[in-house]
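1. Based on what follows, work out the 3D shape:
(one chain, ligands or ions: 1)
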Amino acid sequence: MHSFEFATAQQILFGPGKITQLPALAAQHALRGCMVITGSSSARVQTVIDLLTHSGVEVTIFCVASEPSVSMLREAVAMAVAARCDGVVAIGGGSVLDTGKAVAALLRNTEDIFEYLEVIGKGRPLEHPSAPCIAVPTTSGTGAEVTRNAVLFSPEHAVKVSLRSVSMLPVAAIVDPELTREVPPATTAASGMDALTQLIEPYTSRRANPLTDALCVEAIPLAARALLKAFHDGADMEARASMSLASLFGGLALANSGLGVVHGFAGPLGGMFDAPHGAICAAILPHGMEANIAHLKRSPTSEAAAILQRYRVVARLLTGRDAAQPEDGVLFVHELSRELQIPSLAKFGMGPEHAKEVVEKSARASSMKANPVTLSNEELTEVYLHSL
Ligand SMILES: [Zn+2]
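-> Here you go, the predicted structure:
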């Protein structure tokens, strides 16, 4: 058996009502002044802020209105420093959680952010551990509460890049399904398909390991059964809890085993077009799986046979049928996207004329390196064109 490593948040609290433990966690990490990062000013978030202020924590609020950018991050850090915040509570979707992890990192690593950014910066490692960050997801999709990077948008470069370090893992993740109760159907659909993608890709990744395998095998059927229920009836708390768990397990899996072709495309496309990450993943997932399976079927090696067997397991877990073949998994995902009314990529302005640029950027994306096979530019072009 090959060797592997696994790292995650120091503490994970899962279950309905777990949010009430936030003040105790804040005390445990000695947070006296704390920046609460949020995407909205909803009653749900206000309840969390009240929990903190009633327990004597001085709260500074920072609202993330869009995907985090380098300039937004600088603004948040300056505000946190001025207010003498000694930690961060991030409550929201993936963008909010990423902002929270990045602010916590930059509170302790005080050089200019471009020193640390990969691709468009110097990519220097973060020297100091992050300030304490408590991550509270309010959507079921990104798993960002247990990942070690923050995706940031740089408008002048038109790319998304990561600030990344194992020390950016939050000190605690509170995954409370009650917080997802009011997520609207379209967001439930897109983020849920992201969660499903983040379970299928790590399971078939080059870097898959027995620990993340166990998480994926447990959670793929949960997502496959619960997503439509949560989409049609947001108050179905059993379905919501299944999706929260699936999202968490996806985050744990991808942070330790990587992703694949779908996220290889999703990164660059998210930088070039204004489209929800989950909707991009949902549109590409069946075609990415199809291309990998076709490539594996043409290869006579035992490694290829072993990965093909993994796609067979995915198909069984998705469909619940023992005799399911890899292609049945592709069909299942297709059908699920259709029922969830996921818009096509063309709706976001993506067209065949962008194929060359998209494929060039995607082929170099870090997620692509974990894809089980190396797809040629022709194969990648086909995946993109079929996803439009
Ligand atoms: Zn994703």
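2. What ranges does the stretch 1-150 of the chain have for its strands?
-> 11-14, 33-38, 58-63, 87-92, 133-137, 149-154 (DSSP state E, counting those that start in this stretch).
3. partners of the fifth one in the sheet?
-> To tie it back to what came earlier, the one meant is strand 133-137. Its sheet considered, strand 133-137 pairs with strand 87-92 (parallel), strand 172-175 (parallel) by DSSP bridges.
4. Point out the most buried one among those strands.
-> Greatest average neighbour count among the strands paired with strand 133-137 goes to strand 87-92 (a mean of 28), per mean count of other CB atoms under 10 Å. Placement of C-beta: from N, CA and C, glycine included.
5. re earlier: take the strands of the stretch 1-150 of the chain and lay them out in a markdown table including distance to residue 124 and mean pLDDT.
-> As requested, those are exported to a markdown table (distance: least, CB to CB, whole Å; pLDDT from 0 to 100):
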| stretch | distance to residue 124 | mean pLDDT |
| --- | --- | --- |
| strand 11-14 | 29 | 98 |
| strand 33-38 | 24 | 96 |
| strand 58-63 | 25 | 94 |
| strand 87-92 | 22 | 96 |
| strand 133-137 | 20 | 97 |
| strand 149-154 | 15 | 90 |
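6. Which of those strands sits closest to residue 180?
-> strand 133-137 (7.9 Å; CB to CB).
7. With distance to residue 50 added, can I get the strands of the stretch 1-150 of the chain in TSV?
-> TSV is the format used below for those (distance: least, CB to CB, whole Å):
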stretch	distance to residue 50
strand 11-14	19
strand 33-38	11
strand 58-63	9
strand 87-92	12
strand 133-137	14
strand 149-154	27
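8. between those, which one is nearest to residue 322?
-> strand 11-14 (30.1 Å).
9. Please identify the buried residues of the closest one?
-> By 16 or more other CB atoms under 10 Å, the buried positions in strand 11-14 come out as 12-13.
10. what distance separates that strand from the centre of its chain?
-> In terms of CA atoms, centre = their mean, to the nearest Å, the centre of strand 11-14 is found 17 Å from the chain centre.
11. And the pLDDT at the nearest residue to residue 30 once chain neighbours are set aside?
-> Among residues not flanking residue 30 along the chain, residue 86 sits closest, at 7.1 Å (CB to CB, 6 or more residues apart in numbering). Listed pLDDT for residue 86 reads 94.
12. likewise residue 1?
-> Model confidence at residue 1 (pLDDT) stands at 64.
13. Find the residue at the geometric middle of this protein.
-> Nearest residue to the geometric centre of the chain (CA atoms, centre = their mean): residue 142, 2.8 Å.
14. ok, now which ones touch the spatially closest residue to that one that is not a sequence neighbour?
-> Once flanking residues are discounted, residue 142 sits nearest to residue 94: 3.3 Å by CB to CB, 6+ apart. Residues near residue 94 by CB atoms under 8 Å, 6 or more residues apart in numbering: 139, 141-142, 144, 151, 191, 277.
15. What are the contacting residues of the worst-scoring helix or strand of the chain on mean pLDDT?
-> Lowest on mean pLDDT, DSSP states H and E among the helices and strands of the chain sits strand 159-164, with a mean of 84. The contact list for strand 159-164, computed with CB under 8 Å, 6+ apart, reads 67, 101-102, 105, 113, 116-121, 126, 148-154, 267-268, 270-271, 366.
16. How many residues are close by the residue nearest to residue 30?
-> Applying other CB atoms under 10 Å, we find 18 residues neighbouring residue 86.
17. name the helices or strands packed onto the strand or helix carrying residue 305?
-> Using DSSP states H and E, residue 305 sits in helix 302-319. Helix 302-319 sits against helix 185-204, helix 210-232, helix 277-298, helix 326-339, with contacts defined as 3 or more CB pairs under 8 Å, 6 or more residues apart in numbering; DSSP states H and E.
18. quick one, what contacts residue 291?
-> 261, 375, 379-380, 382-383.
19. hmm, 6 Å instead?
-> 375, 379, 383 (CB atoms under 6 Å, 6 or more residues apart in numbering).
20. which residues of the stretch 101-250 of the chain score low on pLDDT?
-> The model of the stretch 101-250 of the chain has no residue with pLDDT under 70.
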